[in-house]
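In: sequence and predicted structure, then a few things I'm wondering about:
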Amino acid sequence: MNVLIVTAHPDDMEILCAGTAIRYKLRGDSVTICHACTGSLGHMVIPPSELVPMRWEEAEKASKIAGLQHETLGVPDLQVAERDEVVCLLASLIRDVRPDVIITHDPNDYMPDHSDLAHLVLKSSFVATLPHHEHVNGECFPVVSPVFFMDTVMGVGFVPEEYVDITDVFDTKKAMLACHASQVDWLRDHDGIDVIENMRICAQYRGLQCGKKYAEAFRVNRTWPRVTTERLLP
Ligand SMILES: [Zn+2]
């Protein structure tokens, strides 16, 4: 399978669906990870000019642990909805990856980049199928991709529909998240949380719901023609 994971910021994948990404990878699927934003505003002290390359390196280090590849659309934080080019960039990426499934944020997640991106992914996955749409690169992809929404940050307002058992890969997910050292600082200083321990608690809570030690939770976008009878999560 071709799997496309689109998140807002460089650490979101590790927090919300890295266990699932690792499991896809381990079973031989092709996994493409794209964080739309550069993570430019995610620090109390370090300015964007220094933070952007730092966060790229953190994501690079994390991805290497699981043998994953990541890329970015290069959009500054909090501009995902304001930039007209985002839909075309995402549609071009979809044409390139030709995904059997796309995973992205839930439309009700806590931060504008997250919720905006959920809508933009739905739009761009439709745009990718339009042969005469201007400014979209690549060969037209005729499939309106199935889309899964990953858990919200801290699981607030999210009622899971499907779970992925990440017990066996939890330590790898945790090591990947720890690579985002700037975000351990940022989330402590800006939000007063220990992001690694919070991620563990959320994974344990989702695990309790489905009879596993650790799990990640998802909802499926039930709109035609994205619905399928196949299990698309690992
Ligand atoms: Zn984020």
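Out: On my side now, so go ahead.
In: up against the ion, what does the chain have?
Out: Residues of the chain lying close to the ion by CB under 5 Å from the ion are 8-9, 12. Where you see a C-beta, it was placed from the backbone N, CA and C, and this is true even at glycine.
In: narrow the residues you listed to those in helices?
Out: Asp12 (DSSP state H).
In: so how many other residues sit close to the closest residue to the ion within the chain?
Out: As assessed by CB to the ion, the ion sits closest to His9 within the chain, at 3.5 Å. For His9, the count of nearby residues is 27 (other CB atoms under 10 Å).
In: now do the host helix or strand of Thr172, average pLDDT.
Out: Assessed by DSSP states H and E, Thr172 sits inside helix 170-178. The average of the pLDDT scores along helix 170-178 is 98.
In: using PDB, list the CA coordinates for that helix.
Out: Provided in PDB are the C-alpha atoms of helix 170-178 (Å, rounded to 0.1, in the frame of the first residue of the first chain):
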ATOM      1  CA  PHE A 170       5.800   2.100  21.500                       C
ATOM      2  CA  ASP A 171       9.500   2.400  22.500                       C
ATOM      3  CA  THR A 172      10.400   3.400  19.000                       C
ATOM      4  CA  LYS A 173       7.600   6.000  18.900                       C
ATOM      5  CA  LYS A 174       8.800   7.400  22.200                       C
ATOM      6  CA  ALA A 175      12.400   7.600  21.000                       C
ATOM      7  CA  MET A 176      11.200   9.400  17.900                       C
ATOM      8  CA  LEU A 177       9.300  12.000  19.800                       C
ATOM      9  CA  ALA A 178      12.300  12.600  22.100                       C
END
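In: which strands and helices sit next to that helix?
Out: helix 12-16, helix 18-26, helix 48-65, helix 195-210 (3 or more CB pairs under 8 Å, 6 or more residues apart in numbering; DSSP states H and E).
In: just the ones you listed: most buried one?
Out: helix 12-16 (a mean of 29; mean count of other CB atoms under 10 Å).
In: what distance separates that one from the centre of its chain?
Out: 6 Å (CA atoms, centre = their mean, to the nearest Å).
In: what does stretch 44-59 give?
Out: Taking CA atoms, centre = their mean, one finds the center of stretch 44-59 at 19 Å from the center of the full chain.
In: thank you, goodbye.
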